[in-house]
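Participant: Okay, here's the prediction I keep looking at, along with the sequence it came from:
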Amino acid sequence: MRAGLADAAIAGGADTLCRLTLTGFGALEALSPEPCNPFSANRRGISIGEGGGLFLLAPDPAEIELAGLGESSDAHHVSAPDPQGAGALAAMRAALDDAGLSPDRVGYLNLHGTATSLNDSMEATAVAALFPDGIACSSTKALTGHTLGAAGAVEAAFLWLALSSGWNPDGRLPPHVWDGVADPSLPRLEFATAGHRLGPKAALSNSFAFGGSNCCLALRRAKV
């Protein structure tokens, strides 16, 4: 669309539960026997969910815009992330640069937050490096489970709903649902509660995948 090759686009993802997926994550010892508990000292792995989300992207004026996106591929390991979060940090910085935003103009971050030991550790490290003064954030996988191929779209939808004056006139943020037991080995994050509001700032959503593939989207209210 930016290149003028398309007038509009439909983007999103969907995924369904199947035995192959469950068996695969079970073999990796990544499945939690209880609802996932992102960033907790008691986290034990992911909960699989299923879902779908689609967006219609068009250049027409609208209340909410996709302001920027960032991608990186650190290729650290086929299934384990770079422990220092270099790829995640690069994707977030690229999204901010693409949107022309500085970190202080972002009011919410939807974390990838799978509740696995390595992913939560590297993401907390990357977020703390980019937002040293803190940012309201939450992992909505505690609400939906990890919807796998649908996760990027589903979690972008949380951003869209948070920014929408029609659906969310009070600007409430998705709360971080967990047991409240912080992991002392992780940098401290400012997890969103029922009292957090977004205000006029933009919002980011992180999505990471196997093989070191990292993506971050920036959404904001457009000036229309």
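Facilitator: Noted; the coordinates are in hand.

Participant: Low-confidence regions, the chain specifically.
Facilitator: For the chain, applying pLDDT under 70 flags the ranges 79, 224.

Participant: which residues in it form strands?
Facilitator: Ranges of strands in the chain, per DSSP state E, are 9-15, 51-57, 64-73, 106-110, 136-138, 190-191, 202-209, 213-221.

Participant: Show me what counts as buried in the second one.
Facilitator: Okay, so that is strand 51-57. 51, 53 (16 or more other Cβ atoms under 10 Å). For every residue, glycine as well, the C-beta is placed using N, CA and C.

Participant: other SSEs contacting it?
Facilitator: When contacts are defined as 3 or more Cβ pairs under 8 Å, 6 or more residues apart in numbering; DSSP states H and E, strand 51-57 sits against strand 9-15, helix 151-163.

Participant: Can you tell me which of those is packed in deepest?
Facilitator: When you average the neighbours per residue for each of the helices and strands packed on strand 51-57 (mean count of other Cβ atoms under 10 Å), helix 151-163 leads with a mean of 22.

Participant: If I take it and strand 9-15, what angle do their directions form?
Facilitator: Helix 151-163 runs at 120 degrees relative to strand 9-15, counting by axes from the mean of the first three to the mean of the last three Cα atoms, to 10 degrees.

Participant: out of the helices and strands packed on strand 51-57, nearest to residue 60?
Facilitator: strand 9-15 (12.6 Å; Cβ to Cβ).
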